[in-house]
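Q: My questions are about this predicted structure, shown below with the sequence.
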4 protein chains.
Amino acid sequence: MNGSSFGTYFKITTFGESHGAALGVIVDGCPAGVPLSAEYIQTFLDRRKPGQNAYATPRKESDLVEILSGVFEGKTTGTSIALLIRNESQRSGDYSEIASYYRPGHADFTFDAKYGFRDYRGGGRSSGRETAARVAAGAVACALLDELGIKVCAYTKSINKYVCFDTKEYLAERFSPEELASLRNQSPLNMPDADASAKAEVFLQKLREEHNSAGGTVECVMTGLPAGLGDPVFEKFDARLSHAMLSVGAVKGFELGSGFDAALLTGTEQNDPFYTDDAGKIAKRRNLAGGVLGGMTDGSDVLFRVAIKPTPSVYAPQETVKKDGSSYTCQITGRHDPIIVSRAVVVVECMAALTAADALLCNLGSKLSHLEAVYGIKK
Amino acid sequence: MNGSSFGTYFKITTFGESHGAALGVIVDGCPAGVPLSAEYIQTFLDRRKPGQNAYATPRKESDLVEILSGVFEGKTTGTSIALLIRNESQRSGDYSEIASYYRPGHADFTFDAKYGFRDYRGGGRSSGRETAARVAAGAVACALLDELGIKVCAYTKSINKYVCFDTKEYLAERFSPEELASLRNQSPLNMPDADASAKAEVFLQKLREEHNSAGGTVECVMTGLPAGLGDPVFEKFDARLSHAMLSVGAVKGFELGSGFDAALLTGTEQNDPFYTDDAGKIAKRRNLAGGVLGGMTDGSDVLFRVAIKPTPSVYAPQETVKKDGSSYTCQITGRHDPIIVSRAVVVVECMAALTAADALLCNLGSKLSHLEAVYGIKK
Amino acid sequence: MNGSSFGTYFKITTFGESHGAALGVIVDGCPAGVPLSAEYIQTFLDRRKPGQNAYATPRKESDLVEILSGVFEGKTTGTSIALLIRNESQRSGDYSEIASYYRPGHADFTFDAKYGFRDYRGGGRSSGRETAARVAAGAVACALLDELGIKVCAYTKSINKYVCFDTKEYLAERFSPEELASLRNQSPLNMPDADASAKAEVFLQKLREEHNSAGGTVECVMTGLPAGLGDPVFEKFDARLSHAMLSVGAVKGFELGSGFDAALLTGTEQNDPFYTDDAGKIAKRRNLAGGVLGGMTDGSDVLFRVAIKPTPSVYAPQETVKKDGSSYTCQITGRHDPIIVSRAVVVVECMAALTAADALLCNLGSKLSHLEAVYGIKK
Amino acid sequence: MNGSSFGTYFKITTFGESHGAALGVIVDGCPAGVPLSAEYIQTFLDRRKPGQNAYATPRKESDLVEILSGVFEGKTTGTSIALLIRNESQRSGDYSEIASYYRPGHADFTFDAKYGFRDYRGGGRSSGRETAARVAAGAVACALLDELGIKVCAYTKSINKYVCFDTKEYLAERFSPEELASLRNQSPLNMPDADASAKAEVFLQKLREEHNSAGGTVECVMTGLPAGLGDPVFEKFDARLSHAMLSVGAVKGFELGSGFDAALLTGTEQNDPFYTDDAGKIAKRRNLAGGVLGGMTDGSDVLFRVAIKPTPSVYAPQETVKKDGSSYTCQITGRHDPIIVSRAVVVVECMAALTAADALLCNLGSKLSHLEAVYGIKK
């Protein structure tokens, strides 16, 4: 079935293979009147772009985005916004051998199982390159969130055993999103802790020499979300967010707030006490809930974490089979990151932004007074 | 927005508040010809029913299901199946005080934030009682899976620090689904390890005396799924599964296969080698992927785990606020489980079954040869 | 695939067979705060109820509706609203013969073709009785529209050659919705023209004696809709409306405004000139567009018409086949209307109301200023 | 809300404004293994292309399609297929004046009402040029239908009072789809009756001189559809088809089979008798149902008709208002067809093909035996 769409109201549909003509996305359902330019979107794509540090794939792609529709005189028109990114690096030759066998940890086998054949060039549709379209779409979501004062910030929390500030705590408990972004941007691995970043670099250099790769975690904080986003029962905010995150290739786990640690806490430890702050707003003393109660945002920061597996493309020889089932020892070549985590940061941020933008729109009809406000009904 | 539906093809829509007239579900999209009876569905509801052990809420509900439509002469007709469960225990009196304040860890505050007011009787729509409708629907999914030789088995893996067989390993690596179900059913806490179960019982008894509650984890295994289920890019099998799990109230985390541990592994450790088994089927040497590669099932068992927070309803006094923002020390009364985990087991199982049933149907159109088979086209 | 849902935001899902235990609907996505009671819904069901005049089926059904969820203290809660109508008249015996053959003009053959078997009792899911659930849901939509000052009125425009006031013009050009409803309610056939109604009655009496049945048309007017409802390109207001109407069994055609006559007009005749009315509102001199331009409401009345085929259940002998393909002359017995049109009036009205309610909600996110109004953002 | 998607399983999402950078579509949900090439799609676009006869707009567009994704080694891969059509003729200057006023019969006013502003260049998103994306997508649907032996053929049935063969009968009752296509292609107006076509040409020439335009009807036949497509209750095949047709700008009415004439027939006249044909297949003696019973295809030809209004862009002076509400006499300039009908033929055909392709996929899960066939379960 069609699986290239995300979102209910703010809906995106992506396309593109690693070595096809182009990647892109249609964003449908973005409200009219949001300022948007190719330059703005490009800043997000540049953060995802390959070849930016020693640990990212050296593949050269300028990943320039073109707005094909839906923006007029610098603003969104309310109709579908199409964004196009041409592929420049289509070296099919590099990948020809992989047509014959199934790379461990990759989707080669499952694509064949599902569709009967596959575009084997560079992973085709299952390549990490697919995320470029998500990032372009996520930039549009961020343009909307900007107008509403909502911020999203993701960063590498850990690479293998190297954990920022050696804490399980969300860094948003210590830093503002702006500070986190600033610290993050100083690290080639997008780790806000320079020390952990330096150690992880040494570790990755060693892994690279061993023809191996590493996993890690990404944390994300969303601030400024109004309370009440997300829909009971099945469209809870955290359920949607989890769906968004697990849809990113290589993500193996998701947790919100205390997450898996909640299994070790008691009720009185886990429950966040409510109080009224100095501004008269109902707030919480702590945030183990991660900003969501009963599936709806509670007005505090949304805090979550994802686990990302090591790059499956390792240069070490691996046991596998050919399409005909015969055994084969494969040795992957080509251009591959020894770490996906740091490049996934902007992808996590964009998927979170898409989730939030959609939830904001889905929530507009939650009560009659909203309709009265929009349609100018006075009572 | 509407949030009471789950699934794309095999779609369920639920309704019902804790203390309303009834709970129920419409299952729409179930193929015609699946054997189904109220008795079969009842066996699932009986596993979820309150009052079955000392640690579950003593509330008495017989939770009898009535099939209102969609079944004729013992088989599903292909049209919408409505299932009704009348509420018997509607003691509104028990809950009247909670109308005035926001219980910590509950959805009281967020419901008011979203909708302007709420059905405060027993948690209304956000009560755990809502899951009865999921279980009824999940039973229909299981009836379909049965016909296709697919089994789903969930169990309590841990309660607080008490972990079955003291291992992080999935128990499906040691036991068949049938064995797991059998071991599980001997424990009042649905823990397949009698020793861990006994220790957890002692722990829960102590917590109960302290007016507190505990969290834990549930593990699940799905066997017999054909390879290729799930749709790239956003409708990956694991993304849907994660969505399903986080939609269950109290679930704070989800992981598939190696999950969060994948962040600590290297590529060669995480990648599952392929080989051809004695029957000539392509299989994997291990299953750290958890049965999903590139978002599609790979033909091995699907293995996942969820974290469940402690029951938020604890009898200990808690700091909170009233609707008007004034501070308040609340003391919850009524009938509440000191542990949700063991009753959530059948809910996890049913949500997994619903995800699998939907994926099986969504996958039917993946290749032209499927259409040719169904529509009798010969080439 | 599931086909028992209608609407995107204001979404309904129905269930129920003619001779099953019950019919009903879940309305999901209705905003919180809309006044709603079983009594209000009942007034709509009473208009659809069988046995109200000599030309409607004498089957006795009280069609009492029960609200199972989603309403608290007299208002909608924002969560799913379940409505239940028990079947009282389950005389399976009447229909047993029809299990063996395919009634011409009915869905017997196509149900078997699709599902392999069918609930043959009284037409099962394809019975006109299914529309009771639509009417119950439509009443909820009307409750929302009432709050926003929107009115919907349908009526029988013609039965066979008997046309109200002998005009092709929409009666809304002559009467207000209130006047139309009042005139309509004086006719046992729901025809606002007493003269035409009387002549049609004579005609129907003759047809009944001939064991035959008649078709006709229903017209509908919607007033008070704000301009801008409906979404380009595929979710145009008129496209949704047409979908809604053709989903009603027995409807064979739909036209908006000038409809099929537009094929005979020139551009200058069809184009409605704009002008500014005395209140300073942009309006149109005429309404051949039927209130929709480019798929969006233009602020004038929405005017449309549907064609309804004669009741397929006629008592005259008809040529057909049995399930095994053998030829058969069938003679339908049981309780059947010689005319569907007059009972379809409230169904048309309700489907139009559902379309409008959904469009109002879907439109909330059309521009940034709506979000700013709802979320209290000041610029 | 997002409105640029059509279809549930075989889903398309379009983008593009008349004078933007490009138009295009993503087709998501097409099965893998369908032969597809740009050349094949181009043949459909060439039929829609402007400037092909004296009555079509002289705007020059080569409308060359590029496949950006989803096709590999000449076959669809099962993942999203993106098709791009660059706009060549972006003469914004032609249209600058229309920014200030609302053209009668156009969507200028309603776009402003909905979105607050609009892309006024050439009608922007509401331009008839938008249909190029539908046609490109429809070609993909036709490629799938071809493999399953299903044919779709539309043609101009009438222009103003000039009706092919002067009959209300569907021409498919006289000609095969191949004959109809052949006769149609000999007429510059896509009318299979050369005589009617010649007369209509004279009429249009006169209208052009009078700065006016004409409407007409398009008929369509679909052959080879298996019985059972379409889903009760709301997703009836004819309801979907009607939705598809009314989504085409300028379409004002839809009828299936006997359509509006059904209102004038009796039950015995309208009901199509079943019989068993020489090949042992259950068939019907006539087809007033138009190939659909109870919302599902009955195995006979699907026959339907749409009414298309005259081109709203007429050169004659028209009364209207400016954005500020001041009265204005507009005189439209630029390049416009005096007749839309003949160019709409391929659009109707493509929308019908999209509806059929979607219904074929949606129907795959209708019964358990289909799943057993696809997943190789033996009983």
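A: Here it is on my side, so go on.
Q: and the gap between A:Gly78 and C:Ser369?
A: For A:Gly78, the distance to C:Ser369 equals 11 Å [CB to CB, to the nearest Å]. Quick note: C-beta positions are derived from backbone N, CA and C, even for glycine.
Q: Oh, that last question was meant for A:Thr297, not what I typed.
A: For A:Thr297 relative to C:Ser369 (CB to CB), the value is 22 Å.
Q: Does chain B have contacts with stretch A:19-38?
A: No - contact of stretch A:19-38 with chain B (CB under 8 Å from any CB of the partner chain) is absent, the minimum separation being 10.5 Å.
Q: mind listing what's buried in that stretch?
A: The neighbour-count check on stretch A:19-38 (16 or more other CB atoms under 10 Å in any protein chain shown) flags A:19-34, A:36 as buried.
Q: Now intersect those with the strands, please.
A: A:22-28 (DSSP state E).
Q: give me every residue that touches A:Leu303.
A: A:170, A:172, A:219-221, A:256-257, A:287, A:290-291 (CB atoms under 8 Å, 6 or more residues apart in numbering or on different chains).
Q: run the last query once more with 6 Å
A: A:170, A:172, A:221, A:257, A:290-291 (CB atoms under 6 Å, 6 or more residues apart in numbering or on different chains).
Q: Report the entries of the residues you listed that also contact chain C.
A: Restricting the contacts of A:Leu303 to those touching chain C (CB under 6 Å from any CB of the partner chain) yields no residues.
Q: Ranking by neighbours, what's the top pick from the residues you listed?
A: In terms of neighbour count, A:Gly290 stands highest of the contacts of A:Leu303 at 29 neighbours, by other CB atoms under 10 Å in any protein chain shown.
Q: Tell me how far the closest residue in space to A:Ile81 that isn't next to it in sequence lies from A:Gly249.
A: Using CB to CB, 6 or more residues apart in numbering or on different chains and skipping residues adjacent in sequence, the residue nearest A:Ile81 is A:Gly70, 3.2 Å away. Note on A:Gly70: its distance to A:Gly249, by CB to CB, is 27 Å.
Q: of these two, who's got more company?
A: A:Gly70 (29 against 25).
Q: ok, that one - contacts?
A: A:77, A:79-81.
Q: Ok, A:Ala113 next?
A: B:227-228.
Q: can you tell me the distance between the two ends of stretch A:310-322?
A: 23 Å (CA to CA, to the nearest Å).
Q: oh, I was asking about stretch A:17-31
A: 29 Å.
Q: how far away is the spatially closest residue to A:Asp272 that is not a sequence neighbour from chain C?
A: Sequence neighbours aside, A:Lys284 is the residue nearest to A:Asp272 in space, at 4.2 Å (criterion: CB to CB, 6+ apart). A:Lys284 sits 20 Å away from chain C, going by CB to the nearest CB, to the nearest Å.
Q: Next, give phi and psi for A:Lys284.
A: Note on A:Lys284: backbone dihedrals following degrees, to the nearest 10 are phi -120, psi 150.
Q: Return the subset of the contacts of A:Leu303 lying in strands.
A: Using DSSP E, the contacts of A:Leu303 in strands are A:Val221.
Q: Comparing A:Gly78 and C:Ser369, which residue is more hemmed in?
A: A:Gly78 (33 against 15).
Q: who touches the more buried one in this structure?
A: A:Gly78 touches A:32, C:366, D:115, counting by CB under 6 Å, 6+ apart.
Q: which bits of the stretch 201-350 of chain A sit near chain C?
A: Within the stretch 201-350 of chain A, the positions near chain C by CB under 6 Å from any CB are A:Pro226.
Q: Show me where the stretch 201-350 of chain A has its helices.
A: A:237-246, A:267-270, A:341-362 (DSSP state H, counting those that start in this stretch).
Q: So what's the residue count around the residue in the stretch 251-379 of chain A that chain B sits nearest to?
A: The stretch 251-379 of chain A approaches chain B most closely through A:Gly294 (2.2 Å), counting by CB to the nearest CB. Per other CB under 10 Å, the neighbour tally for A:Gly294 reads 27.
Q: Then the one 10 residues further on?
A: Neighbour count for A:Phe304, taken as other CB under 10 Å: 27.
Q: And the closest residue to it other than its chain neighbours, how far from A:Val346?
A: Of all residues not flanking A:Phe304 in the chain, A:Leu256 sits nearest, at 4.7 Å (CB to CB, 6+ apart). Distance, A:Leu256 to A:Val346, by CB to CB: 20 Å.
Q: Who has more neighbours out of these two?
A: Counted by other CB under 10 Å, A:Leu256 and A:Val346 do not tie: A:Leu256 has more neighbours, with 27 against 24.
Q: Does the more buried one touch A:Asp238 like I think?
A: Yes - A:Leu256 lies in contact with A:Asp238 (CB atoms under 6 Å); the separation is 4.9 Å.
Q: For the spatially closest residue to A:Asp193 that is not a sequence neighbour, the count of nearby residues, please.
A: Distances taken as CB to CB, 6+ apart put A:Cys164 closest to A:Asp193, at 3.8 Å, once the chain neighbours are dropped. A:Cys164 is flanked by 27 other residues according to other CB under 10 Å.
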